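Visitor: predicted model and sequence below, questions to follow.
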Amino acid sequence: MRSSVRNLSTRRRHPLAGLVVLLVGLVVAGGLYSAFAPRAATAEEVSSRDVEAGRQLFLIGCASCHGKNAEGITTQNGGNYGPSLIGVGAAAVDFQVGTGRMPMAQSAPQAPRKTPVYDAEETRQLAAYVATLGPGPVIPEGDKLNYKDATAAEISEGGEFFRTNCTACHNSVGAGGALPNGRYAPSLEGVSARHIYEAMQTGPQQMPVFSDDVITPEDKRAVIAYIKAVQDQPNYGGLGGGGLGPVVDGMIVWIAGIGGLVAFAIWIAAHGARVKKR
Amino acid sequence: MSNEIEHNAAGAVTEPIADPGLPEHQYRPTDVDPAQERRTERQISFMFGLASLLAVAFCVAYFAIDDNQTFLGWSALNFALGASLGGALLLIGVATVQWAKKLMGDHEIIEMRHPAASSEEDRYAVMKDINAGIEESGFGRRPLIRNSLLGAMGALALPAVVMLRDLGPLPYGHANTVWAKGMRVVNDVSGLPIKPADVEVGQLVNAEPAILFDVDEEGEKVLHGADALAAKAKAAVIMVRMRPEDITPSKGRENWGVDGILCFSKICTHVGCPISLWEQQTHHLLCPCHQSTFDLADNGKVIFGPAHRPLPQLPLGVDSEGYLIAMSDFPEIVAPSYPELARDQKKLGDSA
């Protein structure tokens, strides 16, 4: 200890000493600030500054379809150019913007999941602004998303909820499926627990709403736990094929499997070296 | 068509093109080169040997590999078992083909066609035996025994018919579903009763009649086993909420919903698949089996697909505690369509 103090003392006139002291000071000050400063605002505690920043972002990126006051724009023949966002809540914004679905790249039957355009901070500001337009679902957090602690019984119950409410569109293992007119139910692979929760709560695009009063937060957590469990389990049968079921499996076996055997047999019969002379 | 085959004086046929005969036999490398022959022999026995090693490896893997282990995301156990057994079978097959193609006898054989029937003597002997059997048993001389035997054989079909008939109910002539006036509409799986305020616009609730979750004094389900499954299979419903101004109820159905909440059967009217694939913005309900599409904002009308009658609708109301209830059973038959449906629908209408 004493030697290190002596070391420091002898090097206090080193050309870089000033820089080192400055850096140490900055790190200490920054660390203290982040330790004692107010936490970054969550859904409940957003500042008016966030709302204003969100409004500015909204006017630039969203208002052309959703209207300057988010009241929605109706087309001349009564269609929906961009729906009203009044009362959709912060959860809807966090889902639509956080998964990259909004802003849409072009007018299309479906807004696909893509790399988000806005970063987490901007998404939070947009959500804060839209949340002020009318009461709506808040961004879920904490225990609601804590699917990792779910027991086997809860996962199994989540599976029952999933098969009753979700598999019609999303397939029994969440691989997604087709809908009419170019739309589709997306795959649930790699979707975060928060976004799955928000989708159930807000019903994006053609997806129906599953409100917390009917499918309770505990039920939703169980559904998420099931989705994650089913995606994590090893594939005992080899190739899963997207869980599309026995008809597709059978078709692949008939065409690729039996077809391959037939081709192999023909190849065997067609080949065989011969020589002219003995 | 003219007969183009000419006959010569002796009556034999002359071919328009001379028979070229068999091509000259060509030898295989293994027939002419002893070194190649020995090499092929070694290859084949090596493959058979490897196949027996793989069979042993299968047994080792069966006991040695833990069934929780994974390999490339697959179950390591299944992978090892499949690879070793499949590999052993493949090697035996490949080695056998190689053996047959390269080492086994390789001379062409000609086998002339001949009639498929047995010889006259054999046929005569068989018929003689049969006729002797008929004669000695008196099958032709004693019609009473013969006819009663045939009767008994015919009667044996009756138990089979009765058992087959009892496999399930006939598709008609049954009461409709377990829904009744005042029965609560509860969420499937959890059995939670639902208030109108719990259901948002755009919401889909996969629901069941409360009787499926009701328990008696001893805590036993009122309906259980096959009865519960049969009831559930017919009574499953979906409840959706739309904006009231979007809904165009037909005459007599104006008060079947509660603030835009409507309830429909989940059983497709085509062949009875359960449908819950609902597009909340278009109000269309799709059947995943054959793509029948129903417009729930327009009384469950068929707008696409093979179904040809609307989805039955369940009239909804609210009980004294504010929960959603059915106001009656389905006025229409809940079932896939069948030939006598119109007659049964008339019967159901008369009894109601």
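Guide: Sure thing, it's come through.

Visitor: going forward, measure contacts and count neighbours with C-alpha atoms only.
Guide: Fine.

Visitor: pretty sure residue A:188 sits against residue A:172.
Guide: No. Look at residue A:188 against residue A:172 with C-alpha atoms under 8 Å: they stay out of range, at 10.8 Å.

Visitor: neighbouring contacts of the helix or strand that contains residue A:18?
Guide: Using DSSP states H and E, the element containing residue A:18 is helix A:17-36. Contacts to helix A:17-36, defined as C-alpha atoms under 8 Å, 6 or more residues apart in numbering or on different chains, come from residues residue A:11.

Visitor: rounded mean pLDDT for the next helix or strand after that helix, please.
Guide: Moving toward the C-terminus from helix A:17-36, the next helix or strand (DSSP H and E) is helix A:48-61. For helix A:48-61, the mean pLDDT works out to 91.

Visitor: mind listing what's buried along the helix or strand following helix A:48-61?
Guide: Tracing the chain past helix A:48-61, the next element assigned as helix or strand by DSSP H and E is helix A:63-66. Neighbour-count burial for helix A:63-66, counted by 16 or more other C-alpha atoms under 10 Å in any protein chain shown, picks out A:63, A:65-66.

Visitor: and the gap between whatever residue of the stretch 201-350 of chain B ends up closest to chain A and residue A:6?
Guide: Distances between the stretch 201-350 of chain B and chain A by C-alpha to the nearest C-alpha are smallest at residue B:203, namely 4.1 Å. Distance of residue B:203 to residue A:6, given as C-alpha to C-alpha, to the nearest Å: 73 Å.

Visitor: more neighbours: the two, which one.
Guide: Per other C-alpha atoms under 10 Å in any protein chain shown, whichever of residue B:203 and residue A:6 has more neighbours is residue B:203, with 24 against 11.

Visitor: that's a strand at residue B:302, yeah?
Guide: Yes. Applying DSSP: H, G, I helix; E, B strand; the rest coil, one finds residue B:302 inside a strand.

Visitor: list the contacts of it.
Guide: If you count contacts by C-alpha under 8 Å, 6+ apart, residue B:302 has them with B:292-295, B:308-311.

Visitor: same check, this time on residue B:188
Guide: A:161, A:164, B:206-208.

Visitor: those residues in helices, which ones?
Guide: Judged by DSSP state H, helices contain the following of the contacts of residue B:188: A:161, A:164.

Visitor: what does chain B have sitting close to chain A?
Guide: Chain B has residues B:26-29, B:31-32, B:70, B:73-75, B:78-79, B:101, B:187-189, B:192, B:194, B:198-206, B:275-282, B:288 near chain A, with proximity defined as C-alpha under 8 Å from any C-alpha of the partner chain.

Visitor: put the buried members of these into a ChimeraX selection.
Guide: The following ChimeraX line selects those of these that are buried, judged by 16+ other C-alpha under 10 Å:
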select /B:27,28,29,31,70,74,75,78,79,101,187,188,189,192,194,199,200,201,202,203,204,205,206,275,276,277,278,279,280,288
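
Visitor: number of nearby residues for residue A:217?
Guide: Residue A:217, neighbours per other C-alpha under 10 Å, totals 18.

Visitor: likewise the one 3 residues further on?
Guide: By the criterion of other C-alpha under 10 Å, residue A:220 has 26 neighbours.

Visitor: what is the neighbour count of whatever residue of the stretch 51-200 of chain A ends up closest to chain B?
Guide: Ranked by C-alpha to the nearest C-alpha, the top residue of the stretch 51-200 of chain A for proximity to chain B is residue A:168, at 5.4 Å. Residue A:168 has 21 neighbours, counted by other C-alpha under 10 Å.
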